[in-house]
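> give the three-dimensional model of this entry:
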Amino acid sequence: MSFYMLSTYLGSSLGQLLLNIPDSNGLIIYCIVSGLFSIALVPISLTALPTPDITVHKSMPLKELYKKAPVGVLGSFYSGFFVGAFYILGAIYAKNIGLDIKQTSLFMFFGIFGGMLAQIPLGRLSDKFDRRYVLMWVAGFLMLISPWIQYLIDNGTIILCISSALLGCGTFVMYPISVSHVNDKLEDSERTQASGMLILLQSSGLIIGPIIISFAMQFLGNIWFLLSFSIVSACFIASAFRFIATKDNNYISVTPTTPQPIAPTHIFDNINEKEGMFSKIKNALKSKKH
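Numbering: from 1, shown residues only. Model (predicted):
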């Protein structure tokens, strides 16, 4: 999942730098994007790998998916707020605070690139620890760092790039970790339907988030672009903590463990008794035969 997100965000981040190409009517950039898209279809069309078998699948209503992994479902929805706000409103925010086109492209590039760099280390971390706690750590980091970016972003290009990368680290890792957590709780036959539900949830956040945040920016100021990240992160932490505190036994860890019985077992004593009984019967049959 980390490598998949890495390739996705690498393309997304590099695309932001196309803003620096001199193009008054946008035709050159449009042709470049069209050509890259066409080239990307070539290896997919030439692959010899068989398609996955999805003939056997179970229906997965949202209510049932929520009961299985509430934190993962909420994480998918909240991640839509972050990703949608950054993609749709990030350039508008950068323009409104006085950044030029070059600085705006760097702000967008390093935001997505920072999220790309965080995929593998945080993905490995979520494999070793409870993914729900990792999601809460990420949301906590985003809650604390977001308001300060408003005051750091004007202190030179280097600080601008670092601040944007830090924002991206928290913004773009919540969804893949949420999906991984949900898939920890599912059977193979449930994954196709559940994946569609998770995409629907994130897409809902992608639509709702920018609408709410844009109104806040319009009436309360540009800083609400960043404050919204803190507020939404705090809401997620509160929701996740409530589920963890009340339903902590509702998690399947994928980390290899050595099972330890919580009470002594007498299975081996029973086996020895049965072996002794079989030996007595065998001896009795031998003596009767003789």
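> for this protein, which segments are assigned as helices?
Using DSSP state H, the helices of the chain run over 2-16, 27-46, 62-68, 70-84, 90-96, 101-128, 131-152, 157-171, 174-184, 191-220, 224-246, 267-289.
> okay if I get those helices as a markdown table plus mean neighbour count and mean pLDDT?
No exception for glycine: its C-beta is placed from N, CA and C like everyone else's. Below are the helices of the chain laid out as a markdown table (neighbours: other C-beta atoms under 10 Å; pLDDT from 0 to 100):
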| stretch | mean neighbour count | mean pLDDT |
| --- | --- | --- |
| helix 2-16 | 16 | 74 |
| helix 27-46 | 10 | 82 |
| helix 62-68 | 15 | 81 |
| helix 70-84 | 25 | 88 |
| helix 90-96 | 18 | 88 |
| helix 101-128 | 20 | 86 |
| helix 131-152 | 19 | 87 |
| helix 157-171 | 20 | 87 |
| helix 174-184 | 24 | 86 |
| helix 191-220 | 17 | 86 |
| helix 224-246 | 18 | 86 |
| helix 267-289 | 9 | 53 |
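> quick one: contacts for the closest residue to Phe225 other than its chain neighbours?
Leaving aside its sequence neighbours, Phe225 sits nearest to Tyr93 (C-beta to C-beta, 6 or more residues apart in numbering; 4.3 Å). If a contact means C-beta atoms under 8 Å, 6 or more residues apart in numbering, then Tyr93 has 217, 222, 225-226 as its contacts.
> and which of those is nearest Leu122?
Comparing these against Leu122 with C-beta to C-beta places Leu226 closest, at 21.2 Å.
> my read: the closest one touches Met143, true?
No: if you go by C-beta atoms under 8 Å, Leu226 and Met143 don't touch, sitting 10.8 Å apart.
> circling back to that earlier point, output the contacts of Tyr93 in TSV; the columns should cover distance to Ala48.
Converted to TSV, the contacts of Tyr93 look like this (distance: C-beta to C-beta, whole Å):
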residue	distance to Ala48
Met217	49
Asn222	51
Phe225	46
Leu226	47
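> closest one to Met136 out of the residues you listed, please.
Closest to Met136 out of the contacts of Tyr93 is Leu226 (20.1 Å), distances taken as C-beta to C-beta.
> what sits against that closest one?
Leu226 neighbours (C-beta under 8 Å, 6+ apart): 93, 146-147, 149-150, 167.
> would you turn these into TSV with distance to Pro61?
What follows is those, written out as TSV (distance: C-beta to C-beta, whole Å):
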residue	distance to Pro61
Tyr93	37
Ser146	34
Pro147	38
Ile149	39
Gln150	41
Leu167	35
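> max pairwise distance over those residues: which two?
The widest separation within the contacts of Leu226 (C-beta to C-beta) is 13.6 Å, between Tyr93 and Pro147.
> from Asn222, how far off is Phe113?
23 Å (C-beta to C-beta, to the nearest Å).
> now Met60: closest residue in space that isn't a chain neighbour?
Among residues not flanking Met60 along the chain, Gln193 sits closest, at 3.8 Å (C-beta to C-beta, 6+ apart).
> make that Arg132, sorry
The shortest distance from Arg132 to any non-neighbouring residue, by C-beta to C-beta, 6+ apart, is to Val71 (4.6 Å).
> got the contact list for that neighbour?
Val71 is in contact with 132, 135, 178, 181, 239-240, 243-244, counting by C-beta under 8 Å, 6+ apart.
> Gly209 versus the residue lying closest to Gly140 once chain neighbours are set aside, what's the distance?
Taking C-beta to C-beta, 6+ apart, and ignoring the residues beside it in sequence, Gly140 has Ile237 as its nearest neighbour in space, at 6.2 Å. Distance, Ile237 to Gly209, using C-beta to C-beta: 17 Å.
> for Asp130, same thing?
26 Å.
> also Ile29?
Counting by C-beta to C-beta, the separation of Ile29 from Gly209 is 26 Å.
> could you do Ser79 as well?
Ser79 is 10 Å from Gly209, by C-beta to C-beta.
> same question for Val33.
In terms of C-beta to C-beta, Val33 sits 25 Å off from Gly209.
> repeat for Lys102
27 Å.
> for Ser178, same thing?
Between Ser178 and Gly209 the distance is 15 Å, computed by C-beta to C-beta.
> also Gln193?
For Gln193 relative to Gly209 (C-beta to C-beta), the value is 25 Å.
> I'm done for today, thanks for sticking with me.
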